[in-house]
Every structure is written in structure tokens, then in C-alpha cells.
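Asker: need coordinates for the below:
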Amino acid sequence: MKAKVAFSIVLLLLLSIIPVCRGQGLGFLDGIEARSYCEKVINNVAKGQIEEAFVLIGSQWPFPVEELTQVQEQAEKNQVFVKERFGQLCGYRLVKEEVVSEVCLRYTYVIKYEKHLVRWQFVFYKAKDRWQLNSFRWDDAIEALFG
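Answerer: Have a look, this model is predicted:
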């Protein structure tokens, strides 16, 4: 238990330091870079590597990093539920890429399991010259994929 608390503290500190070290380097020059970043996050989530996925998310999160702590805990709890209820992993894929003319990008991925899927969405906002992660979410709303 102490090791888990210590790891959580170290992770929180790392998530706090990464954006400061990167300074104005947050964000991506184009949609290709943003999509590649999303692929890395989804790959970690699909493998059950939630902590690694949230380190990546934290590295691009423009808001207070403390906001991610509870979200990460929920993702870890959901991972256990998903494996028990939805079955074995069958892969993941990008299913939708949406652009609001030089303002917003949204990438929708599905992580496929034997019995159901989990939908992940990443939204990027472009105020000046870089696409910055603005929000992300996940759910199992399979019907929402139809528009």
C-alpha cells in the first residue's frame, strides 16, 4: 500500500513537471502529430497500461494536472470492469476524424473486445499555431458511433 501511495506521488510530481519543462511546447503542429499522440495513448490503454497512458495525457494537458488524478483512478477501475464484462481484447482502431475548420479536431477510437467496445474521444483546440489537447473521454456508447 505504501509503495502504491509513493508511486502515485511520484507520478503526480512527474505530471506536474512535464508541462513546465515543455513550456510553450504543448500541442502539435498538425493533425498528423496529434493523431500519432492519440495512437500512443490508445495503445497503452488497450494493453491495460493506464498509468503510462495518463503520463502521456499529462504531458500534453494544458490545465491543472491535479484534475487528472481522479480521472486516472476511474480509468483504472473501469479497466477491471471492462475485462470482466466485455471479454478479451480484439484490437483498436480510429473510426472517426472530425475537423472544425482550423479550430477543433476530434479523433474517435474504439477499443474492441469480444462482447462490446469502449469508445475514446480526444478533442484538440487550435487557438494560435498549435493543436492542444483540450479534452478526452471514454464510454461504451456503441450507438453514438452512428451519429
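Asker: helix, strand, or coil at R85?
Answerer: Three-state call for R85 (DSSP: H, G, I helix; E, B strand; the rest coil): helix.
Asker: how close does it get to S135?
Answerer: With distances taken as C-beta to C-beta, to the nearest Å, R85 is found 26 Å from S135. Glycine gets a C-beta too; all of them are placed from N, C-alpha and C.
Asker: again, but for V103
Answerer: From V103 across to S135, the span is 14 Å (C-beta to C-beta).
Asker: with K112 instead?
Answerer: Distance, K112 to S135, by C-beta to C-beta: 23 Å.
Asker: so for those two, which residue has more residues nearby?
Answerer: Neighbour count, other C-beta atoms under 10 Å: between K112 and S135, K112 has more, with 18 against 12.
Asker: wait, doesn't that one sit right on L89?
Answerer: Yes: at 7.4 Å, K112 counts as touching L89 under the criterion of C-beta atoms under 8 Å.
Asker: which parts of this structure are strands?
Answerer: Assigned by DSSP state E, the strands in the chain fall at 89-100, 104-113, 117-126, 131-139.
Asker: mean pLDDT and distance to Q79 added to the ones you listed, as a markdown table?
Answerer: Below are those laid out as a markdown table (pLDDT from 0 to 100; distance: least, C-beta to C-beta, whole Å):
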| stretch | mean pLDDT | distance to Q79 |
| --- | --- | --- |
| strand 89-100 | 97 | 11 |
| strand 104-113 | 98 | 10 |
| strand 117-126 | 98 | 9 |
| strand 131-139 | 97 | 10 |
